[in-house]
Each structure stands twice: as C-alpha cells, then as structure tokens.
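Chemist: 3D model of this:
(chains A and B, ligands or ions: 2)
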Amino acid sequence: MTRVTDAQRPTLPSTELTTPHIGRRRLSWWIWGIVGVIVVAGAIDFMVTTPGWQWNVVGAYIFDPEILSGVFYTIWLTVLSAVCGLIAGGVVAVLRMSENPALRAAGTVFVWLMRAIPALVVLLFVFFLGALVPELTLGIPYTDVTLISVKTNDVITKFTAALIGLTLIQAAHVGEIYRGGILSVSKGQHEAGGAIGMTRAQSMRRIIMPQAIRVIIPPLSNELITLFKNTSLVSVIGFTELLTSVQLVYGRTYQTIPMLLVACLWYLFLTSIAMLGQSALEKHFSRGFVRRSKVQSLEEPA
Amino acid sequence: MNEPVVTVRGLIKKFHDVAVLRGVDLTLRRGEVLSVIGPSGSGKSTLLRCLNQLEEVDGGEIRHNGELLGIETVKGKLMRLRERDIVRQRRAFGMVFQHFNLFPHMTALENVLEGPTQVRHMPKTEASELARAELGRVGLASHANHYPAELSGGQQQRVAIARALALRPEIMLFDEPTSALDPELVNEVLDVIRGLAADGMTMAIVTHEMNLAQEMSDTVVVMDQGQVVEAGAPQQIFLAPQSERTERFVAKLHAAQQK
Ligand SMILES: Nc1ncnc2c1ncn2[C@@H]1O[C@H](COP(=O)(O)OP(=O)(O)O)[C@@H](O)[C@H]1O
Ligand SMILES: [Mg+2]
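Modeler: Ligands and ions are numbered 1, 2, ... in the order given. As a prediction, this is how the structure comes out:
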C-alpha cells in the first residue's frame, strides 16, 4: 500500500476549497423545465377559465349534506371492507400456504376466481344472490340437520352486498400480498428461530411477520387505496356512497361536470391523506433496514 | 475419555429420494471439540442440521445423553415426535450458521435476548443481564444497540454466537462460521471459538479453516459423499491419513492455504 502524504497532495488555490460544488445543468434540463412550466400554466388556465367547470356550483355542493353523507358512507364502506378484507386475506394466505393439499387447493381456486372475475361482476353477483339461492342455510351437508336458515334477500341489502363483494375481492388480493411478504423472508430466518428453540408459530409471530410486514405495507397500502376508489363501483348496485350521491344530484340538476368535479376533489383529498399514512407506516416498519447516521454506542464497561 | 453426549448410528437423510447422508456414525463426547471437514456437497451441513433437527431424519438414530432424538416407539413403530418435544430436545444444541442469520429487525441485544425471554420465559432484568454478559464475552458489549446491518460480518457472527450461548446449550454446532467473512475478520470469530474450547464447551464445527481444525479439535471427521471416510486425532488426519480420499482432500486444503 502506498500512502499519499500531505506533501504529495496537489495543492488547490484557496477559492476552490471554499466554493461549494454544483451539479452541471444541461440544455435538456432547461428545455424540459420550460415545457413543464408551459404545461402547468395551460392546465391552470384550463381549470380557471373554462366556464364548463362551473366552480360556483362546485362550491355550493362540496359541503352539501347529501354529498357529505356520500363521503361518510364511502369512508365507512372502505374502513369496514378493509378490516374484513385484511382478516379474510389472512385466512386466504393460511389456506394458500397450508401443508394440507385440500386447503391449499381451496385457497388457490378462490384466488383464481376473484382475480379472473371483474370486481363489478362480483358485486352484481352478490347483490343478486337471492335469485340463485333463495335461502341461506347453515347445517350439516346432506342431512336434515339445520341450524339457521334465512331468506337471502333479508341478508343481502345494498350495503351488505357492497361489503361482502368488496371483502371477497380484497381477501384474494390481500392474501396474495401476505403470502408474498412471508415468502420474501429467507428460510434462514425460520431456521434461526428454530435453532433458538422457537416453535413454528413463535418464529412466525416474532421473526417472520415483523420482517414480512415491511415488504407487505407498500402493496397493501396501494391495495387499500384501490379499495377506497373501488367503493365507487358499488354505485352499480345503488348503494349511496360518494359517487352515487353525486349521480343522484346531477340526475336532478343536470350539472354533471361540476358534480363529478366535487367527487374528484373529495377522492383526491381522502386519497392524499391515505398516502401520508402510508409513508408514515413505511418509515415505522423500516426498523433495522436503514442505516442510521448515528447510533448510540454504550460505554464499554471497564 | 469423557462420556458420549451425542451418538449417531447409521444416519440416513434423503432429499427427494437422493440419499445425502448414507449411514453416518459419529460420537461426540463431553468437552470434545470435533471438526468436520470434507468436500463441498459431502453432507456436512446436513449432518449438523440433523443433529438439532432442522432436518427430519429418514433412517438411523441420533441419541443425546441416551435419549432418542426426533422419534419415539409407539406400538412397535417409530413415530416422529410432536413439535413440542422436538423444540424441547433442540434446547441442548446451539447453532451458528454460515450466514449468521441474525434477526435484522432487532438490535444486537434484542437478538441475544430473544431466546431467554421468548423461549425460556426469563424475567426481563435477569435476561438482560445475561444477554449483556454474553455480548461482553464475544467482545461486543459496546455494540448492544446496533442493528445487524450496522455491524461488520465478524461482529454479526459474534452476536450470533452470543445469541446461541444465551440459551446455555450443552453442545454448540458451527456450520462454517468463518466462510462468509473477509479474511481479516476471520480471527476475531476464531478467537471467540477458541475461548469456548478453553472453557470446555462441547462443539461440532464444520470448517474449511485448517488452523481451526488442526490446533483446536480433539477429533477431525472427514466426510465425502454422505459418509464418514475417516475420523481421528488431527495429527492422524493431517499428517498420517489412513484413507486415500482423506489424503487427497487434505492435500487440496494445503494447496488452498498456500495461496
Ligand atoms: N434442502 C435441500 N433440498 C435438496 N437437496 C439438498 C438440500 N440441502 C442440501 N441438499 C443437497 O445435499 C447435499 C449435501 O449438502 P450439504 O449438507 O449442504 O453439503 P456440505 O455442507 O458438505 O457442502 C448436496 O448435494 C446438496 O445439494
Ligand atoms: Mg455446507
């Protein structure tokens, strides 16, 4: 190894030592900058000066009780189906990773169905379930033993149909996300858990899940944001969430564009809040995976 | 000679019908340091993993202090044990892996604490004292709050050793503990292992480190193609090998060491 001593270092004039370094700006940097400015200016101009937006109507309706009720039901439906979907997704993941081939097959078929059938169709199917199965019966199959039996149409309301439909779709997607996250943790981690005397369940809870969650959070947040937007699909069965309430208003007033804008503004606002939550969660679960600039070292005991 | 702690007789392990261990016999005595050497793919890791039951055995038997590991006799048939019993039997063994396998989401201290608190259900303060003492033993008391990603390979491996020791195992298993390390980091890990040997720990070490096998071990076992080719004192294996396969492998090790 050759060492460079201070005497051998080339000396720099003092101004070069004190002036901060800056990145080189190429011509393309300026061209794209100017294009960007023009596009943004055009967009603002379009939003402000086009009379069709009818901003006064937007202002009048954005906090209208009918719209606010729609906003509330959108949030409520999102929260409920998110919770149900996160739980049901766990069941799907357990089925898919089961050592029992029958359970594994059940999980695979369910995921296949929910991925292959459009969400809109699933919702319609659940809503019209009464036409296919008039009575829902809980009992022992192929015997006369019946525990509970109810009319399908008493159970399937617009709301429950929306909730069940969204939950089913969610469960498949969420289940696959869980599974991917768990599989992303290396086999060595299971073994290290086993080697310190943990049961499989303990390793799962203490070692695998906390690492999988870091991988799971980004796609899961995306999935929940998609779910939030997908609640608008339930307008097809007439449940009055945000989009349906907006449609009801413009059905009466024919102010289609401003009312759609009202819906957009609410979706934008709520989605942005969700994204903030997402980045906070991602940061929280990155523990141990980003190098901290400063670590508190303890004094070496003498 | 001390009494046997682990005895292996006719051990068979298959992966997808391919026998990877083909009738292995081995005796590990109390306080003995046993090195396992042999070409890559000869089944050394598999043997260690069978000892602490990370792999299920297909035939033969392993006994720890006379108790059969992993199986029991039920109505004249050999049945695999339930997880609960396997976990209990595994407690006699501490394992150190080639790639450390530290828990990346926990600090060094939390890694070492995990076994005592979660598996042994030790009170927090007692466990914490123990864990700090073990980190001290491997010279890393000052790094308790570092995450694995903030430690060098040698430091990570020392934390892994501390993690295994914190469970007070009767036997330590090392699977190529220095193979994943940069050469300048090998010695700090070897020093810790030497210290354990001096303390009388019973150990089985898979290694390519000639020094380690030669100076520290009481017995060297040479494996090839799923079988023990030769077992004996290091002088015998390295200076007067009985089998031609041992001779060839030792010559290769020497050549690699010269480089
Ligand atoms: N989980 C596994 N599945 C299939 N084959 C395996 C598995 N683990 C090890 N093997 C095979 O078993 C043989 C012995 O492997 P191993 O015990 O790791 O050898 P060594 O540690 O001596 O290099 C190799 O041929 C390897 O490919
Ligand atoms: Mg190996």
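
Chemist: CA only for contacts and neighbour counts going forward, please
Modeler: Noted.

Chemist: what strand or helix carries the nearest residue to residue A:176 once chain neighbours are set aside?
Modeler: Excluding its sequence neighbours, the residue lying closest to residue A:176 (Cα to Cα, 6 or more residues apart in numbering or on different chains) is residue A:93, at 6.5 Å. Assessed by DSSP states H and E, residue A:93 sits inside helix A:65-96.

Chemist: for residue B:109, same thing?
Modeler: Assigned by DSSP H and E, residue B:109 falls in helix B:108-114.

Chemist: which residues of chain B lie near chain A?
Modeler: Residues of chain B that fall close to chain A, judged by Cα under 8 Å from any Cα of the partner chain: B:52, B:54, B:83-84, B:87-88, B:90-91, B:93-95, B:101-107, B:115, B:118-119, B:141-150, B:163-164, B:167.

Chemist: now which of those residues would you call buried?
Modeler: B:52, B:54, B:87, B:90-91, B:93-95, B:101-107, B:115, B:119, B:141-150, B:163-164, B:167 (16 or more other Cα atoms under 10 Å in any protein chain shown).

Chemist: contacts for the lowest-mean-pLDDT helix or strand in chain B next, please.
Modeler: The weakest-scoring helix or strand in chain B, judged by mean pLDDT, DSSP states H and E, is helix B:210-211 (a mean of 81). With contact meaning Cα atoms under 8 Å, 6 or more residues apart in numbering or on different chains, helix B:210-211 is reached by B:253-254, B:257.

Chemist: which of those residues lies closest to residue B:25?
Modeler: Of all these, residue B:25 sits closest to residue B:253, with 23.8 Å by Cα to Cα.

Chemist: can you give me the buried ones in the helix holding residue A:93?
Modeler: Those buried within helix A:65-96 under the rule 16+ other Cα under 10 Å are A:66-71, A:73-75, A:77-79, A:81-82, A:84-96.

Chemist: please indicate which of the contacts of helix B:210-211 are buried?
Modeler: Buried, going by 16+ other Cα under 10 Å: residue B:253, out of the contacts of helix B:210-211.

Chemist: rank the contacts of helix B:210-211 by pLDDT and give me only the lowest.
Modeler: The pLDDT minimum for the contacts of helix B:210-211 sits at residue B:257, where the score is 75.

Chemist: can you tell me the closest non-neighbouring residue to it?
Modeler: What sits nearest to residue B:257 in space, not counting adjacent residues and going by Cα to Cα, 6+ apart, is residue B:210, at 7.8 Å.

Chemist: look at the residue nearest to residue A:176 and report its pLDDT.
Modeler: pLDDT recorded at residue A:93 is 95.

Chemist: tell me which stretches of the chain form strands.
Modeler: Using chain A here. Along chain A, counting by DSSP state E, strands occupy A:135-139, A:146-151.

Chemist: that was the other one, I meant chain B.
Modeler: Under DSSP E, chain B gives strands at B:4-15, B:18-29, B:33-37, B:59-64, B:67-68, B:71-74, B:77-80, B:93-96, B:171-175, B:202-206, B:219-224, B:227-232.

Chemist: need those strands in JSON lines (columns: distance to ligand 1 and mean pLDDT).
Modeler: Below are those laid out as JSON lines (distance: least, Cα to the nearest ligand atom, whole Å; pLDDT from 0 to 100):
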{"stretch": "strand B:4-15", "distance to ligand 1": "5", "mean pLDDT": "97"}
{"stretch": "strand B:18-29", "distance to ligand 1": "5", "mean pLDDT": "96"}
{"stretch": "strand B:33-37", "distance to ligand 1": "8", "mean pLDDT": "96"}
{"stretch": "strand B:59-64", "distance to ligand 1": "16", "mean pLDDT": "95"}
{"stretch": "strand B:67-68", "distance to ligand 1": "22", "mean pLDDT": "94"}
{"stretch": "strand B:71-74", "distance to ligand 1": "21", "mean pLDDT": "90"}
{"stretch": "strand B:77-80", "distance to ligand 1": "19", "mean pLDDT": "90"}
{"stretch": "strand B:93-96", "distance to ligand 1": "13", "mean pLDDT": "97"}
{"stretch": "strand B:171-175", "distance to ligand 1": "8", "mean pLDDT": "97"}
{"stretch": "strand B:202-206", "distance to ligand 1": "8", "mean pLDDT": "97"}
{"stretch": "strand B:219-224", "distance to ligand 1": "8", "mean pLDDT": "96"}
{"stretch": "strand B:227-232", "distance to ligand 1": "10", "mean pLDDT": "95"}
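
Chemist: between the ones you listed, which one is closest to residue A:275.
Modeler: Comparing the strands of chain B by Cα to Cα, strand B:93-96 comes nearest, at 41.6 Å.

Chemist: tell me what that closest one is packed against?
Modeler: Contacts defined by 3 or more Cα pairs under 8 Å, 6 or more residues apart in numbering or on different chains; DSSP states H and E place strand B:93-96 against helix A:187-195, helix B:153-165, strand B:171-175.

Chemist: out of these, deepest packed?
Modeler: Mean neighbour count (mean count of other Cα atoms under 10 Å in any protein chain shown) peaks for helix B:153-165 among the helices and strands packed on strand B:93-96, with a mean of 26.

Chemist: any idea how far the closest residue to ligand 1 within chain A lies from residue A:159?
Modeler: Nearest residue of chain A to ligand 1: residue A:187, at 10.1 Å (Cα to the nearest ligand atom). Distance of residue A:187 to residue A:159, given as Cα to Cα, to the nearest Å: 43 Å.

Chemist: same check, this time on residue B:152
Modeler: 56 Å.

Chemist: residue A:212 too?
Modeler: Noted for residue A:212: a distance of 33 Å to residue A:159, by Cα to Cα.

Chemist: now, the residues of chain B next to chain A that are in helices?
Modeler: B:83-84, B:87-88, B:90, B:163-164 (DSSP state H).

Chemist: now those residues in TSV, with pLDDT?
Modeler: Listed next are those as TSV, based on pLDDT from 0 to 100:
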residue	pLDDT
B:83	92
B:84	93
B:87	94
B:88	94
B:90	94
B:163	98
B:164	97
